[in-house]
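Colleague: Following is a predicted model, sequence given first.
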Amino acid sequence: MDEIKIKEKVRKYYAQIAKKQRSCCSISCRQNPVDREKGYEKLGYAEEELKSLPEDVFSLGCGKVELVSIKEGGTVLDLGSGSGFDCFLASKRVGEDGKIIGVDMAPEMINRAREAARKGNYKNMDFILGDIEKLPVADNSVDVVISNCVINLSPNKKRVFDEAFRVIKSCGRLMISDIVLLSELPKVIRESELAYVGCISGAALKEEYLEMIKSSGFKDIEVVEEIQFSINSLVDELYVKEYEGSTVSIKIYGIKP
Ligand SMILES: C[S@@+](CC[C@H](N)C(=O)[O-])C[C@H]1O[C@@H](n2cnc3c(N)ncnc32)[C@H](O)[C@@H]1O
């Protein structure tokens, strides 16, 4: 499938989720929906943090994006912001003088996030329709780029990291959570559309992923967490016998020198 067709499938899939308001994180979770708060705590979010979120906002993330180093007055950009889950959490940290920008290519997701910001009277947020491979954001204008379970969906991940590097200010940070592979997936999963839109078969091998971040110019790249990411429901559905748990969710930090 060519890049344009892949993106269209991804866009349609997440547009539908935005309309249905599913509140879930992983592919297995999407198929066996769990209670909202319990699902998010599993991802690592504290109960206290979750209380501040607007009701209509939901996470499709695969881990927790660490927000602690986000400073008051800073500008944060979320790549593939969805309904704005991490944006709303970051919004509290940057305060009224800071700014949160969410970019997503599904208009339905952007509308949901804008509506939640409007209802909650959040003044420091801007949700922009766009492609993370060609960010509608100025050079050297952002302190922190965050992203949760999105870059695996991009057919051109190197371009995403190049774009992140372009928009981050000197000494700014990249803080992402994403799915990567420890070994190649079986053919039946690699060729499954469901596995692609479900954040599995578009994932890169971990070493290649880290190399792309490095070659975009980031320094001090660190994998601060790596946890097994279960795709058992998909494995059952596709009758894959040889799958050996090679998908992991990792949390990575990098700095623009
Ligand atoms: C798995 S969801 C994660 C959403 C959000 N980060 C969260 O944690 O809830 C992936 C999101 O990335 C968006 N997306 C995928 N590829 C994209 C691209 N190339 N440009 C912009 N958004 C993209 C989808 O529309 C979807 O909203």
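Modeller: Cool, the structure landed. The structure presented is a predicted model; accordingly, all values stated were derived computationally and were not measured.
Colleague: which residues touch the closest residue in space to Leu79 that isn't next to it in sequence?
Modeller: For Leu79, ignoring the flanking residues on the chain, the nearest one in space by CB to CB, 6 or more residues apart in numbering is Ser147 at 3.8 Å. The C-beta positions use only the backbone N, C-alpha and C, and glycine is treated the same way. The contact partners of Ser147, by CB atoms under 8 Å, 6 or more residues apart in numbering, come to Val65, Asp78, Leu79, Gly80, Ile132, Ile176, Ser177, Asp178.
Colleague: Assign a three-state SS to Ser147, would you?
Modeller: strand (DSSP: H, G, I helix; E, B strand; the rest coil).
Colleague: Kindly check the end-to-end length of stretch 69-77 for me.
Modeller: Stretch 69-77 has its terminal residues 14 Å apart, counting by CA to CA, to the nearest Å.
Colleague: roughly how far out does that stretch sit from the chain middle?
Modeller: With CA atoms, centre = their mean, to the nearest Å as the basis, the distance from the averaged C-alpha position of stretch 69-77 to the chain average is 18 Å.
Colleague: Which stretches in the stretch 1-150 of the chain count as strands?
Modeller: Secondary structure of the stretch 1-150 of the chain (DSSP state E, counting those that start in this stretch): strands at 75-79, 99-104, 125-129, 142-148.
Colleague: rewinding a little: just the buried subset of the contacts of Ser147, please.
Modeller: Restricting these to buried positions leaves Val65, Asp78, Leu79, Gly80, Ile132, Ile176, Ser177, Asp178, with burial counted as 16 or more other CB atoms under 10 Å.
Colleague: Return the closest of those with respect to Ser246.
Modeller: Taking CB to CB as the measure, Ser246 lies nearest Asp178 of the buried ones among the contacts of Ser147, at 14.7 Å.
Colleague: Contacts only, for the closest one.
Modeller: For Asp178, the set of contacting residues under the criterion of CB under 8 Å, 6+ apart consists of 62-63, 147-152, 203, 209, 249-250, 252.
Colleague: Show me the two of the residues you listed that sit farthest apart.
Modeller: For these, the maximum inter-member distance is 15.0 Å, found between Asn148 and Tyr209 (CB to CB).
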